[in-house]
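>>> dropping the sequence and predicted coords here.
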Amino acid sequence: MFLRLRGADEKKVVAPAFPYIPLDARGWRLAMGLRPLEVSRWLEIDHLRSEQLALKKELLAHQRDVVVATLPEGDAASSELLVEVLEWLCRYAPWLKVTPPPSEHPIVAAALVVQEDLCVLVRSDDWRLAAACVCFPSRWLLATKIGRTIDEIHQPVPGYGESLAGPTNSVFDRLSEDKPYWRLNWTLIDDATLHQPTSEHRAPHGDLDQWFFRVERQSIRRLSESGAIVFTIHNYVASVAELRDTPEFIEHLLMGLEGSPPATQEYKGWIGVAERLREALA
Ligand code: HEM
């Protein structure tokens, strides 16, 4: 959660603590976990804004093919998205100086002025990923997802087809412009780097300060003109050592790790991790 100070301090954007810890005593569950989203909270701005925008610029200059994928059918929605992003910034963060590059693809221009990664899904025979600028993928490859349906995108995710495919497609079909949603995903990884375009999911090792809790705050919102859906992803990363004194964090993390099915542990790179975490803490 970010905090905006009012009045004279309005320009300060601070992050008081790690904003989201989507763990609890119920342990691991594969769930949509969608919550209604106030449009004023669509995007988030924190103290890492300049650093993350600079990183995006750098990645776009040197690894454009890895972080951008667009199809012609996503162009109109991407232009609409750029307008929405600029209007949102103007309204909810008026103190920011925002200059999107004029000759860029609109989804890239939009992604360069916000911390979020941006994806546009367009309905043809099915909902398909039609444009995306994803600089901070958490161990997946954008090039393998462009043009794919939501089910195809999630093919590597254990249990997704059985438990989440039906509800997710149905939410996408019914999503109305005035009712966006958000959700959280988490994982434990051994690298704090935001840009991880790999399908390798290896288990954390090393000291506690080399293990990282990575949370994705995602949102879905329908655009009014094109009818396309925008999927945003904002990443938050902290070392486990940094979070270990947060009440119940370690206890709930262990419950999440140990309670997840073997296929999920394999997919996430968590095999043997709970045991190692216990040893590291002992
Ligand atoms: C709101 C509905 C959605 C739900 C409930 C959902 C759920 C999930 C879950 C549970 C995972 C496994 C990740 C983990 O546990 O670490 C996942 C991974 C992923 N999701 Fe989604 N997701 C949704 C929408 C989307 C959309 C619209 C995209 C479009 C780009 C997307 C792209 C991905 C990708 C690329 C992965 C990684 C897949 C891989 O490992 O190759 N998700 N999603």
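Yep, that arrived. Everything quoted here is computed from the prediction, not taken from an experiment.

>>> what about Ser199, which SS state?
coil (DSSP: H, G, I helix; E, B strand; the rest coil).

>>> so it sits right up against Pro156, yeah?
Yes: between Ser199 and Pro156 there is a contact at 7.4 Å, judged by Cβ atoms under 8 Å. C-beta coordinates here come from the backbone N, C-alpha and C atoms, glycine included.

>>> common neighbours of the two, please.
Trp140 (Cβ atoms under 8 Å, 6 or more residues apart in numbering).

>>> in the chain, which spans are strands?
3-4, 13-14, 35-36, 68-70, 117-123, 127-133, 181-189, 212-222, 229-239 (DSSP state E).

>>> which stretch among these comes nearest Thr149?
strand 127-133 (5.6 Å; Cβ to Cβ).

>>> all helices for the stretch 1-150 of the chain, in order.
For the stretch 1-150 of the chain, helices defined by DSSP state H, counting those that start in this stretch occupy the ranges 49-62, 64-67, 75-92, 106-111, 150-153.

>>> same list, these, but as CSV with mean neighbour count, distance to Glu251 and mean pLDDT please.
CSV is the format used below for those (neighbours: other Cβ atoms under 10 Å; distance: least, Cβ to Cβ, whole Å; pLDDT from 0 to 100):
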stretch, mean neighbour count, distance to Glu251, mean pLDDT
helix 49-62, 14, 31, 98
helix 64-67, 15, 37, 98
helix 75-92, 18, 36, 98
helix 106-111, 25, 37, 98
helix 150-153, 17, 33, 98
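
>>> which one of those lies closest to Leu30?
That would be helix 150-153 among the helices of the stretch 1-150 of the chain, by Cβ to Cβ, at 14.9 Å.

>>> quick one: the closest one to chain centroid distance?
Relative to its chain's centre, helix 150-153 lies at 16 Å (Cα atoms, centre = their mean, to the nearest Å).

>>> same thing with stretch 118-133?
16 Å.

>>> quick check: buried residues in that stretch?
118-122, 127-133 (16 or more other Cβ atoms under 10 Å).

>>> between all of those residues, which two are separated the most?
Using Cβ to Cβ, the buried residues of stretch 118-133 span at most 18.4 Å, a distance reached by Trp127 and Cys133.

>>> please report how far the residue nearest the centre of the chain lies from the ligand.
Nearest to the mean C-alpha position of the chain, by Cα atoms, centre = their mean, lies Ile233 at 2.5 Å. Noted for Ile233: a distance of 8 Å to the ligand, by Cβ to the nearest ligand atom, to the nearest Å.

>>> and that residue, what does it touch?
Neighbours of Ile233 in contact, by Cβ under 8 Å, 6+ apart: 116-117, 119, 134, 136, 216-218.

>>> and these as JSON lines, adding pLDDT and distance to His105?
Formatted as JSON lines, the contacts of Ile233 follow (pLDDT from 0 to 100; distance: Cβ to Cβ, whole Å):
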{"residue": "Glu116", "pLDDT": "98", "distance to His105": "16"}
{"residue": "Asp117", "pLDDT": "99", "distance to His105": "14"}
{"residue": "Cys119", "pLDDT": "99", "distance to His105": "13"}
{"residue": "Val134", "pLDDT": "99", "distance to His105": "13"}
{"residue": "Phe136", "pLDDT": "98", "distance to His105": "18"}
{"residue": "Glu216", "pLDDT": "98", "distance to His105": "23"}
{"residue": "Arg217", "pLDDT": "98", "distance to His105": "24"}
{"residue": "Gln218", "pLDDT": "98", "distance to His105": "22"}
